[in-house]
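1. Curious how this folds, go ahead:
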Amino acid sequence: MRLPPHLAVLSALLSFGALAQQGPAPTVIGSRVVGESGYEVSATVESVDLAARQVLLRREDGSFLTVKAGPRARNLAQVKPGDLVRATVTETLRLTLTRGAEPASGMTEDVARTPEGERPGIVRVETAHIVGDVVAVDQAARTAGIRTPDGVVRTVPVPDDVDITRIHPGDDVTLTVTRRSAIAVGPSAAAR
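-> Sure thing, here's the model as predicted:
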């Protein structure tokens, strides 16, 4: 899967790592979602090896994939051949312009699992905040030069619906990517 340009830029920024900084809350000038993407995949359970904690899946294209259930996965005994496994992933990119106190960079993760005795399922929400500072603005080209935590200045496009006249050198920019992954196991279509 090819990432949209705004998520490709964020992926590049994330590869440099997030800093764990703490500080007073900044003054937020503006914040908006500048990109969203997502996809869904499904597969059918072919077999389950409870002792090895492995599930053999047949993808929609007919290929096979063996998945090992980690120690946090529960209710594996509820999974049967023919069950449908569906995974949904969505990513949201938010751009926040701030002034004043330096905002914090970092990552958080929240995980929720289905209760004991039900079919397996999990929802994971990972959020990364990457802080940079504006070093240049080109209003004609609608770009901003942003220095990221690794010290490199990157030129990024400013979306058309962002008021570029409000962006000035010295402003802080926080790029926040939220990735939500959900995996659910349900009965096959024939069993419903």
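2. which strands and helices sit next to the longest strand belonging to the chain?
-> Longest strand in the chain, counting residues (DSSP state E): strand 27-49. Under the contact criterion of 3 or more Cβ pairs under 8 Å, 6 or more residues apart in numbering; DSSP states H and E, strand 27-49 touches helix 5-14, strand 54-59, strand 84-99. Where C-beta positions appear, they are placed from N, C-alpha and C, glycine not excepted.
3. Can you flag the weakest of those by average pLDDT?
-> Sorting the helices and strands packed on strand 27-49 by mean pLDDT places helix 5-14 lowest, at a mean of 40.
4. and the longest strand of the chain with strand 84-99, angle?
-> Counting by axes from the mean of the first three to the mean of the last three Cα atoms, to 10 degrees, strand 27-49 lies at 160 degrees to strand 84-99.
5. pLDDT averaged over strand 27-49 - what is it?
-> What strand 27-49 shows for mean pLDDT is 85.
6. Adjacent strands (with direction) for it?
-> Partners of strand 27-49 in the sheet, by DSSP bridges, are strand 54-59 (antiparallel), strand 84-99 (antiparallel).
7. okay, it in CSV with CA atoms only?
-> The C-alpha coordinates for strand 27-49 follow below in CSV (Å, rounded to 0.1, in the frame of the first residue of the first chain):
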residue,chain,number,x,y,z
THR,A,27,-1.0,28.6,23.1
VAL,A,28,-2.8,26.9,20.2
ILE,A,29,-3.3,29.2,17.2
GLY,A,30,-5.0,26.6,15.0
SER,A,31,-5.4,22.9,14.7
ARG,A,32,-7.0,20.8,11.9
VAL,A,33,-7.0,17.4,10.4
VAL,A,34,-4.9,17.6,7.2
GLY,A,35,-5.2,14.0,6.1
GLU,A,36,-6.9,10.7,6.7
SER,A,37,-6.5,7.2,5.2
GLY,A,38,-7.6,3.7,5.9
TYR,A,39,-8.0,0.2,4.7
GLU,A,40,-9.7,-3.0,5.6
VAL,A,41,-8.6,-6.6,5.0
SER,A,42,-10.2,-9.9,5.8
ALA,A,43,-9.2,-13.5,5.9
THR,A,44,-10.7,-16.9,6.6
VAL,A,45,-9.4,-19.2,9.4
GLU,A,46,-8.1,-22.4,7.9
SER,A,47,-6.8,-24.1,11.1
VAL,A,48,-5.9,-23.3,14.7
ASP,A,49,-3.1,-24.8,16.6
